[in-house]
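S.K.: compute the structure for the input listed below.
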Amino acid sequence: MMKSTMNYLKMSTDPAATALINSDLKDIGDATRKLANHVIELGVSGGFVTTVLQWFACFAAIYLLILDRTNWRTNMLTSLLVPYVFLTFPDWLFGILHGDVGKWITLVGVILRLFFPNHFADYLLLPGALLLLIVVSPSFVAGYVRAGWIGVIICLGIGCYLLQEHIRASGGFRNAFTKSNGLSNSIGIALLFVFPVWALITLIG
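M.R.: Residues are numbered from 1 along each chain as shown. As a prediction, this is how the structure comes out:
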């Protein structure tokens, strides 16, 4: 019994085994560093960061549209958020709605608007306009404009307009970012700049 215990202790402190374990841990560390570097390269050059920021900007615009239809009543031209959402809509979802699925949904919406206007609520007008814009947009707009610098500049212009109109309606820059009733709107508008600024830097770089 004592002999087997001594053998076990000898094996656990064997320099060869320790060196082997250290070598394995080093290989794991090297592989982890390579994985991290590849993820970073994919995010910068492969468009992962751009896609994530595009989602953020699109959700921010949708959030502002919902606020405009609920408790953020303003004289600003918030319908400009519709082309902003159009330009920042995720590509895979845009491709689905740009096809037959979007056409059928748009057809149902048009029929409801024409023959059953009482069943077509006012808050559906802007979403309906967005869907119609996605369906009927030609390939030049759906492809080149959305993916190029033209769409980025349009998004920046919309963000700048809404920001300065919101500041004016709030009574100044300080009130726009300090008053509790307008802070959420200010944050939503600020998020509109995240994607176009990053996309512009990427295009220039």
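S.K.: name the residues that touch the helix or strand where Cys155 lies?
M.R.: Assessed by DSSP states H and E, Cys155 sits inside helix 149-170. Outside of helix 149-170, the residues within contact range by C-beta atoms under 8 Å, 6 or more residues apart in numbering are 57, 64, 74-78, 80-81, 83-84, 87-88, 144-145, 173, 176, 179, 182, 185-186, 189-190, 192-193, 195-197, 199-200, 203. All C-beta atoms are positioned from the backbone trio N, CA, C, and that covers glycine.
S.K.: in PyMOL, how would I select just the buried ones from those residues?
M.R.: Per 16 or more other C-beta atoms under 10 Å, the buried members of the contacts of helix 149-170 correspond to this PyMOL selection:
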select buried, resi 57+64+76+78+80+81+83+84+87+88+145+176+182+185+186+189+192+193+195+196+197+199
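S.K.: follow-up on the earlier one: buried ones in the helix holding Cys155?
M.R.: In helix 149-170, counting by 16+ other C-beta under 10 Å, buried: 151-152, 154-156, 158-159, 162-163, 165-167, 170.
S.K.: and of these, the nearest to Ala129?
M.R.: Ile158 (15.0 Å; C-beta to C-beta).
S.K.: any idea how far the closest one is from Leu192?
M.R.: According to C-beta to C-beta, to the nearest Å, Ile158 and Leu192 sit 7 Å apart.
S.K.: which residues do these two both contact?
M.R.: With C-beta under 8 Å, 6+ apart as the test, Ile158 and Leu192 both reach Tyr84.
S.K.: on that earlier part again, which of the buried residues of helix 149-170 scores worst on pLDDT?
M.R.: For the buried residues of helix 149-170, the minimum pLDDT belongs to Ser170; the value there is 76.
S.K.: CA atoms only: put stretch 56-67 into CSV for me.
M.R.: Extracted as CSV, the C-alpha positions of stretch 56-67 are listed here (Å, rounded to 0.1, in the frame of the first residue of the first chain):
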residue,chain,number,x,y,z
PHE,A,56,-28.3,49.7,-33.2
ALA,A,57,-29.1,52.7,-35.5
CYS,A,58,-32.1,50.9,-37.0
PHE,A,59,-33.5,50.1,-33.6
ALA,A,60,-32.9,53.6,-32.4
ALA,A,61,-34.9,55.0,-35.4
ILE,A,62,-37.7,52.6,-34.7
TYR,A,63,-37.7,53.5,-31.1
LEU,A,64,-38.0,57.2,-32.0
LEU,A,65,-40.9,56.4,-34.4
ILE,A,66,-42.7,54.6,-31.5
LEU,A,67,-42.1,57.6,-29.2
